[in-house]
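Student: Okay, sequence plus prediction incoming.
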Amino acid sequence: MEELRSFRPGAIWPDSSGAHINAHGGGMLYQDGRYYWFGEKRAARRSEGINVYSSGDLYNWQYEGVALEPVEGDADHEIAWGCVMERPKVVFNEGTGKYVMWFHLELRGKGYSAARAAVAVSDTATGPYKFVKSFRPNGNMSRDMTLFKDEGGAVYHVFASRDNFDMRICQLSDDYLSPTDRDVVIHSDHREAPALFKHGGKYYLITSACSGWRANEARADTADSIWGPWSSEGNPARGPEAETTFGSQSTHVLPVAGREGAFIFMADRWKGHDLIDSRYIWLPVQFDDGGAFVEWVEEWDLSWFDK
Ligand code: DGJ
């Protein structure tokens, strides 16, 4: 494989073996100088577990294998083959030394009705992860989700609840394995695909509207405290096709390691009938008086942040 030196949003993104990266609805962990990209392993439609890739430069990705595989031969298992695993996010717990994965789980044969969060753990970044449990956090439905690790190590689970009408934030226990009772609704505007980041002491939450695999308009909300109040800054996408987030849906905002103020907006350009071929839209986050925003860039690299 020829070495890649740039991001090309929407293009096939070959891993080091030449295969299009299969890590949709992804999240990113940065640990000891390496990035780990976790995402949904998809066939055309089927959910096949959670894949993990690693990279030192964010352009070239090595496939590390299946981080969490559905269980074979026990149809009643919470993660039996036929279940749906979406939007995995992994955080490292300094206290326990464990890598903790949370993801959205739907049970085999039950459509999207289970609406559970699930937890898996590993002693290494790439796994394989061991499934721990699945549940509705504090009894609340949990579909699209992300994790956010704040300075000081507190981790928050951000999730679409009450049939996606509520967006909730719940602080996790010190071991990151469970929800706590620090749990609030931040808005009730029927939104999903949360991605949360912090810049200049301010929290930014990007979400999408709810239209299945079809792209829609994003919204950014900001707050000085993670508990709110949150206020809307409107659509962070600017320019042509801003009304569909450039044909994509948010999944994560990645702080570039060692570059203060450099963030990458990561989104999925879903192909609902060929999910494995869905594309990745990575764009630099920009800031001005109007807040955080993203514009389409055909091809770019990290030197973009030197400007
Ligand atoms: C939109 C969500 O954001 C995706 O993660 C996925 O759950 C699809 N809906 C399923 O239609």
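Tutor: Noted; the coordinates are in hand.

Student: bridging residues for residue 207?
Tutor: For residue 207, the beta-bridge partners under DSSP bridges are residue 219.

Student: and the stretch 1-150 of the chain, which residues reach the ligand?
Tutor: Proximity of the stretch 1-150 of the chain to the ligand (C-beta under 6 Å from any ligand atom) is limited to residues 25, 86-87, 144. Where you see a C-beta, it was placed from the backbone N, CA and C, and this is true even at glycine.

Student: Point out the ones among those residues that are inside strands.
Tutor: Among those, the members found in strands (DSSP state E) are 25, 86-87.

Student: before we move on, back to that, ok, of the residues of the stretch 1-150 of the chain next to the ligand, which come out buried?
Tutor: 25, 86-87, 144 (16 or more other C-beta atoms under 10 Å).

Student: Output those residues in TSV; the columns should cover pLDDT.
Tutor: Formatted as TSV, these follow (pLDDT from 0 to 100):
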residue	pLDDT
25	99
86	99
87	99
144	99
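
Student: burial measure for residue 284, as a count.
Tutor: 19 (other C-beta atoms under 10 Å).

Student: C-alpha coordinates for stretch 31-48, CSV please?
Tutor: Output of stretch 31-48 as CSV, limited to C-alpha atoms (Å, rounded to 0.1, in the frame of the first residue of the first chain):
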residue,chain,number,x,y,z
GLN,A,31,-3.1,6.3,24.0
ASP,A,32,0.7,6.3,24.3
GLY,A,33,1.3,8.0,21.0
ARG,A,34,-1.2,6.0,18.9
TYR,A,35,-4.7,6.5,17.8
TYR,A,36,-7.2,3.7,17.9
TRP,A,37,-10.3,3.9,15.7
PHE,A,38,-13.2,1.8,16.9
GLY,A,39,-16.3,1.4,14.7
GLU,A,40,-19.1,-0.8,13.6
LYS,A,41,-18.0,-3.7,11.5
ARG,A,42,-20.7,-4.0,8.8
ALA,A,43,-21.7,-6.3,6.0
ALA,A,44,-24.1,-4.8,3.5
ARG,A,45,-26.7,-4.6,6.3
ARG,A,46,-25.6,-7.0,9.1
SER,A,47,-23.9,-5.9,12.2
GLU,A,48,-20.8,-8.0,12.7
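
Student: Could I get the buried residue list for it?
Tutor: Neighbour counts using 16+ other C-beta under 10 Å place 35-42, 47-48 of stretch 31-48 among the buried residues.

Student: Just the ones of those residues in strands?
Tutor: Among the buried residues of stretch 31-48, the members that lie in strands (by DSSP E) are 35-42, 47-48.

Student: pLDDT wise, what is the closest residue to the ligand within the chain at?
Tutor: In the chain, the residue that lies nearest the ligand is residue 212 (4.2 Å; C-beta to the nearest ligand atom). Looking at residue 212, its pLDDT is 98.

Student: Does it touch residue 249 like I think?
Tutor: No - under the criterion of C-beta atoms under 8 Å, residue 212 makes no contact with residue 249, lying 9.9 Å away.

Student: Comparing those two, which shows the higher neighbour count?
Tutor: Ranked by neighbour count (other C-beta under 10 Å), residue 212 and residue 249 place residue 249 first, with 28 against 9.

Student: Next one, pLDDT for that one please.
Tutor: In this model, residue 249 is scored at 99, pLDDT.

Student: who are the neighbours in contact with it?
Tutor: 193, 208, 215-216, 218, 267-268, 270 (C-beta atoms under 8 Å, 6 or more residues apart in numbering).

Student: where does the stretch 101-250 of the chain dip in pLDDT?
Tutor: Counting by pLDDT under 70, the stretch 101-250 of the chain contains no low-confidence residues.

Student: residue boundaries of the strands in it?
Tutor: Listed in chain order, the strands of the stretch 101-250 of the chain (DSSP state E, counting those that start in this stretch) span 116-122, 130-135, 145-149, 155-161, 166-172, 179-187, 191-199, 202-209, 219-223, 231-234, 237-238, 249-255.

Student: re earlier: could the residues of the stretch 1-150 of the chain next to the ligand go into JSON lines alongside distance to residue 79?
Tutor: Listed next are these as JSON lines, based on distance: C-beta to C-beta, whole Å:
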{"residue": "25", "distance to residue 79": "16"}
{"residue": "86", "distance to residue 79": "12"}
{"residue": "87", "distance to residue 79": "15"}
{"residue": "144", "distance to residue 79": "18"}
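
Student: out of the buried residues of stretch 31-48, who's nearest residue 106?
Tutor: Nearest to residue 106 among those is residue 47, at 8.3 Å by C-beta to C-beta.
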